[in-house]
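Engineer: Below is the sequence, then the predicted model.
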Amino acid sequence: MRHKQQITVIGAGYVGLVTAACLAEIGNRVICVDADAERVALLAHGEVPFFEPGLRELIARNTKLERLHFLTSTTQALDGADFVFIAVGTPMNSDGSCDLSAVKLAARQIGESLSTDAIVVLKSTVPVGTADAVSAILRECGARGRRATIVSNPEFLREGSAIADFRSPDRIIIGAHDPAAVARMRALYAPLRTQIVVTDIRTSEMIKYASNAFLATKISFINEIADLCERVGADVTGVIRGAGADRRIGTASFNAGLGFGGSCFPKDVSALIESAQSRGLSLRLLPAVLEINRNRIEGVVNTLRRALGGIGGRRVAVLGLAFKPKTDDVRESPALALIAQLLERGAIVSAHDPVAVKAAGSVLGERVRLCTDAYA
Ligand code: NAD
């Protein structure tokens, strides 16, 4: 029988919670730690701080089986750890670069408190070279004389289908220099029976950014084609069906609309551009991808203005508030950006989303009439 591993997951956000619950589900003992005491208290009472299909049930099941625990103290959570997953946020700095302060703080906490020889897994999306920086912090802080081996293991789950994505991913990326660490990571993920791609650490870090940048490019590409379709009298949905049927192209992430949003694509594309710039390389394609995306909202507002003969005083219903379906995550949601522009031009806005009304309400306040169903 497979030896059960003791795993500490730092960060109980979308990635941390899903990782913790899914690793517990395949038989490991997992402690998930978060600096946000309110969040941990909620989790301890069986509540999940955001909407993700199936997550509440998975957490409840594994908590009951005593395979999953929640704590606020990292020192306590690290006790006896075989693996430590860093799954904290890496938001965007004002210059477009990646804010690594939470990752570095987590590394210091691990360095100061680790009492076992453990594999430290970087799951957060981080620029190339971050694992080296984390290794240096771990060494500086002494890791209480313990051997902490760093591994890069970026996450590809999508909010809205996160559990299914974690359980049957297209591939698992393991970036490591130590063959023994690779073997232990392979054994940990063996129950998922999926393709594992092993690379050096820097390549692994780059794979995550290249993947997100490519998907963002695909979206901006089809949005630009959509604009041209409108001018020439073609139907972009038919173009997507026809072009997407080519397996080299595919229909995934190939929809025209308001553009991409969420907590990953915009910040990851920006971070890649910034990291190239800081090394004297000026990327040309990705700035265009961001610019096309930024212009989507204005394009829709202009279409509306033409169709309605002006926006001031007009009543507009917005269906969908999150950055995509089946999530209540409104970070960088194009719907909220659209609503802001409509309000600025004097529209009266009513809006509905099956799961994100509450989350959107905390951002929009009283300015929009939020409805509990689409008909309202
Ligand atoms: P999130 O903001 O939802 O959650 C991060 C959590 O980490 C927060 O609850 C925060 O309180 C906690 N935290 C921060 N520092 C901490 C510390 N030192 N100790 C304990 N807890 C700490 O973030 P997320 O959306 O889960 O993203 C996490 C990482 O995964 C990011 O790098 C992101 O780019 C990447 N990622 C996200 C997704 C996604 O769909 N959300 C998908 C793939 C990769």
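Structural biologist: Alright, I've got the coordinates.
Engineer: alpha carbons only for contacts and neighbour counts from here, please
Structural biologist: Noted.
Engineer: where does residue 146 land on pLDDT?
Structural biologist: Note for residue 146: predicted pLDDT of 80.
Engineer: Show the contacting residues for the residue nearest to it when sequence neighbours are not counted.
Structural biologist: Leaving aside its sequence neighbours, residue 146 sits nearest to residue 117 (C-alpha to C-alpha, 6 or more residues apart in numbering; 5.2 Å). Contact analysis of residue 117 by C-alpha atoms under 8 Å, 6 or more residues apart in numbering lists 81-82, 146-148.
Engineer: Turn these into TSV, including neighbour count and secondary structure.
Structural biologist: Shown next, in TSV, are the contacts of residue 117 (neighbours: other C-alpha atoms under 10 Å; DSSP: H, G, I helix; E, B strand; the rest coil):
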residue	neighbour count	secondary structure
81	22	coil
82	18	coil
146	16	coil
147	18	coil
148	25	strand
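Engineer: Show me which of the residues you listed is closest to the ligand.
Structural biologist: If you rank these by distance to the ligand using C-alpha to the nearest ligand atom, residue 81 comes first, at 15.4 Å.
Engineer: Thought residue 9 was touching that closest one, still the case?
Structural biologist: No: look at residue 81 against residue 9 with C-alpha atoms under 8 Å: they stay out of range, at 9.8 Å.
Engineer: what ranges do the strands span in the chain?
Structural biologist: With DSSP state E as the criterion, the chain has strands at 6-10, 29-33, 68-71, 83-86, 118-122, 148-152, 172-175, 196-199, 315-319, 348-352, 369-370.
Engineer: Format these as TSV; extra columns: distance to the ligand.
Structural biologist: TSV is the format used below for those (distance: least, C-alpha to the nearest ligand atom, whole Å):
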stretch	distance to the ligand
strand 6-10	5
strand 29-33	5
strand 68-71	9
strand 83-86	8
strand 118-122	9
strand 148-152	12
strand 172-175	12
strand 196-199	17
strand 315-319	22
strand 348-352	22
strand 369-370	24
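Engineer: residue farthest from the centroid of this structure?
Structural biologist: residue 309 (39.0 Å; C-alpha atoms, centre = their mean).
Engineer: for the nearest residue to residue 91 once chain neighbours are set aside, what are its contacts?
Structural biologist: Nearest non-adjacent residue to residue 91, counting by C-alpha to C-alpha, 6+ apart: residue 99, 5.5 Å away. Residue 99 sits next to 90-93 when contact means C-alpha under 8 Å, 6+ apart.
Engineer: contacts with the ligand among these, please.
Structural biologist: Filtering these for proximity to the ligand (criterion: C-alpha under 6 Å from any ligand atom) leaves residue 90.
Engineer: which of the contacts of residue 99 count as buried?
Structural biologist: 90-92 (16 or more other C-alpha atoms under 10 Å).
Engineer: Just the closest of those residues to the ligand, please.
Structural biologist: residue 90 (4.3 Å).
Engineer: The helix ranked longest in the chain: which residues count as buried?
Structural biologist: Identified as the longest helix of the chain according to DSSP state H is helix 201-232. Residues of helix 201-232 classed as buried: 201-209, 212-223, 225-226 (neighbour count, 16+ other C-alpha under 10 Å).
Engineer: Over to stretch 352-364?
Structural biologist: 352-357, 359-360, 364.
Engineer: Over to stretch 157-164?
Structural biologist: Applying 16+ other C-alpha under 10 Å to stretch 157-164 flags 157, 159-163 as buried.
Engineer: what do you get for stretch 269-286?
Structural biologist: By neighbour count on 16+ other C-alpha under 10 Å, the buried set for stretch 269-286 is 269-275, 286.
Engineer: Contact residues of this structure facing the ligand?
Structural biologist: Close to the ligand, as judged by C-alpha under 6 Å from any ligand atom, the chain has residues 10-16, 33-36, 87-90, 102, 105-106, 124-125, 155-159, 264.
Engineer: could you redo the last one with a cut-off of 5 Å?
Structural biologist: 10-15, 34-36, 87-90, 102, 106, 124-125, 155-156, 158-159 (C-alpha under 5 Å from any ligand atom).
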